[in-house]
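Novice: sequence and predicted structure below; questions after.
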Amino acid sequence: MTLGTWLLDKAAGNDKKMRRLVAYWGATALLYAASLTFFWVEVRFGKANAGIAFIFTGLVVTGEIAFLLLIRNFERLGLSTAQLSLYQSWFAIVCIALSYTGQGPLRGATLLGLFVVLIFSAFSLKAREALSLSIFAIVFLGATMCAMPFTAPQFFDLKTELLHFMLASSGLLVVGVITGRLNNLQASLKAQREELRTAAEANRKLATTDELTALPNRRYMTELLRHDEQRRTGAVDSICIALIDLDWFKKINDEHGHDAGDEVLKQFARLGRQHLRESDVLARWGGEEFLLYLPGTDLRSAHAVLERLRSQVESARLLRHAGEIAFTFSAGLVELAAEEPVEQGIRRADGLLYDAKLKGRNLVETDMEAGLKTGSGPSQAEHGA
Ligand SMILES: Nc1nc2c(ncn2[C@@H]2O[C@H](COP(=O)(O)OP(=O)(O)OP(=O)(O)O)[C@@H](O)[C@H]2O)c(=O)[nH]1
């Protein structure tokens, strides 16, 4: 572990955002430390004002401690990261202008710090804020230069200050505008990335969802089954699969219209969503056929689930202006044998579904012997208005 990571762990903990903010703070603290060293070396050589160096040191140390506390508590104080960055930039500008007034012939170099502050702010400030920050820097620098005949008369030289001011203000305006533009560019890139992410998510949903019933579609279910099949190891939990087919659906379409048929499909999907567990997946397999996947469920429990759904569907009514529509379904239910390919399980379920239709519909047919073949039998007469 490096010293930097250790310090970051201590000062910021594990939160990613907090670590980023504290790391930025650390970078500015290093810049301040370098400026202080430079300032005190100048004082040592008699090229800077010791009084202002003391004030500058006190201001920087107090300010940096205050900012670290502010960063650690910014969420509690209801501040945004942009606000934090703006306050830090204002503070840095005040410090730089103050250190300018206290330094001798090399003071022009401190003005570079103003550009560094503006470029730093490009990552967090909007175009207008960046421009107003450069205007603040120009005004504050001008004001401190005007105060120099009183605060540091030994270094004041009107022509030098005028030249410094003209250079700094023109440069700051240009950098302010450019950083603003950069920020706008960054914001639009961020917006584009978000749009792409939303579009990709919508596409993924469209590709895996049945438009009419909003259930997962066949593509999704096929992927899921393939994926789960690959993960299956010899002794896993029981897995059941049921193929479900609405009974006499063509007749519903013919008697009540295609729209009514669509409504029946939607109603069935709603009932499925209501009465199945989170872990069960019901997908539209095609037309009026659905595939129900019940992982971690043995045949007896799966049968109970399907029976419950069958009886809910049987007693539900779809209300239309012309009256009510009743509908039922038949299902073929299998439990996958160990190592049995899913494809084969689906074929077995299809065969059982065929049997259920032959036996009169409104039935859940399994390959379990005896009492599991339940249902209320032929439903032909029941559907219709
Ligand atoms: N309204 C509507 N009808 C559909 C849709 N998909 C398939 N169908 C219709 O569903 C009907 C299925 O009819 P069949 O395969 O004869 O089955 P059935 O009438 O349900 O008879 P059994 O399955 O034997 O009980 C066909 O008329 C298809 O046109 C759909 O999305 N909406």
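Specialist: Nice, I can see it.

Novice: wait, residue 221 touches residue 293, no?
Specialist: Yes - the pair residue 221 and residue 293 passes the contact test of CB atoms under 8 Å, sitting 6.7 Å apart. In this view, the C-beta of every residue, glycine as well, is placed from N, C-alpha and C.

Novice: got any residues that touch both of the two?
Specialist: 281, 283 (CB atoms under 8 Å, 6 or more residues apart in numbering).

Novice: need the pLDDT of the residue in the stretch 51-200 of the chain that the ligand sits nearest to.
Specialist: Going by CB to the nearest ligand atom, the ligand is nearest to residue 199 of the stretch 51-200 of the chain, at 26.6 Å. If you check residue 199, the pLDDT there is 95.

Novice: tell me which helix or strand it sits in.
Specialist: helix 158-208 (DSSP states H and E).

Novice: which SSE is immediately downstream of that helix?
Specialist: With secondary structure assigned by DSSP H and E, helix 158-208 is succeeded by helix 218-231.

Novice: contacts for that next one?
Specialist: Taking CB under 8 Å, 6+ apart as the rule, helix 218-231 contacts 207-209, 216, 239, 281, 283-286, 291, 293, 295, 341-342.

Novice: so what's the residue count around the closest residue to the ligand within the stretch 251-385 of the chain?
Specialist: Using CB to the nearest ligand atom, the closest approach of the stretch 251-385 of the chain to the ligand is made by residue 261 at 2.5 Å. If you count neighbours by other CB atoms under 10 Å, residue 261 ends up with 21.

Novice: for the helix or strand harbouring it, packing partners?
Specialist: Using DSSP H and E, residue 261 sits within helix 258-275. In terms of contacts (3 or more CB pairs under 8 Å, 6 or more residues apart in numbering; DSSP states H and E), helix 258-275 is packed against strand 239-246, helix 249-256, strand 281-286, strand 289-295, helix 299-315, strand 318-320, strand 323-325.

Novice: buried set for the last one?
Specialist: By neighbour count, with 16 or more other CB atoms under 10 Å as the criterion, the buried positions of strand 323-325 are residue 325.

Novice: that one: partners in the sheet, and parallel or antiparallel?
Specialist: Partner strands for strand 323-325, per DSSP bridges, with pairing direction: strand 318-320 (antiparallel).

Novice: can the strand it pairs with be found next to the ligand?
Specialist: No - Strand 318-320 lies out of reach of the ligand by CB under 6 Å from any ligand atom, never closer than 12.1 Å.

Novice: now do the buried residues in that strand.
Specialist: residue 318.

Novice: again with stretch 125-144
Specialist: 125, 127, 129-131, 133-134, 136-138, 140-141, 144.

Novice: now stretch 285-294
Specialist: Buried residues in stretch 285-294 (16+ other CB under 10 Å): 285, 288-294.

Novice: how many other residues sit next to residue 204?
Specialist: 11.

Novice: follow-up on the earlier one: next, the angle helix 218-231 makes with the helix holding residue 199.
Specialist: Relative orientation of helix 158-208 versus helix 218-231 (axes from the mean of the first three to the mean of the last three CA atoms, to 10 degrees): 90 degrees.

Novice: how far does helix 158-208 sit from the chain's center?
Specialist: Centroid displacement of helix 158-208 relative to its chain, using CA atoms, centre = their mean, to the nearest Å, is 22 Å.

Novice: and residue 343, what helix or strand is that in?
Specialist: With DSSP H and E as the test, residue 343 turns up in helix 342-358.

Novice: hey, C-alpha coordinates of that helix in PDB?
Specialist: Output of helix 342-358 as PDB, limited to C-alpha atoms (Å, rounded to 0.1, in the frame of the first residue of the first chain):
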ATOM      1  CA  VAL A 342     -33.900 -28.800 -21.700                       C
ATOM      2  CA  GLU A 343     -34.900 -29.300 -25.300                       C
ATOM      3  CA  GLN A 344     -35.900 -32.800 -24.500                       C
ATOM      4  CA  GLY A 345     -37.800 -31.700 -21.400                       C
ATOM      5  CA  ILE A 346     -39.700 -29.200 -23.500                       C
ATOM      6  CA  ARG A 347     -40.500 -31.900 -26.100                       C
ATOM      7  CA  ARG A 348     -41.900 -34.100 -23.200                       C
ATOM      8  CA  ALA A 349     -44.000 -31.100 -21.900                       C
ATOM      9  CA  ASP A 350     -45.300 -30.600 -25.400                       C
ATOM     10  CA  GLY A 351     -46.400 -34.200 -25.600                       C
ATOM     11  CA  LEU A 352     -48.200 -33.900 -22.300                       C
ATOM     12  CA  LEU A 353     -49.900 -30.700 -23.400                       C
ATOM     13  CA  TYR A 354     -51.100 -32.600 -26.500                       C
ATOM     14  CA  ASP A 355     -52.500 -35.300 -24.100                       C
ATOM     15  CA  ALA A 356     -54.200 -32.600 -22.000                       C
ATOM     16  CA  LYS A 357     -55.900 -31.200 -25.100                       C
ATOM     17  CA  LEU A 358     -57.000 -34.700 -26.200                       C
END
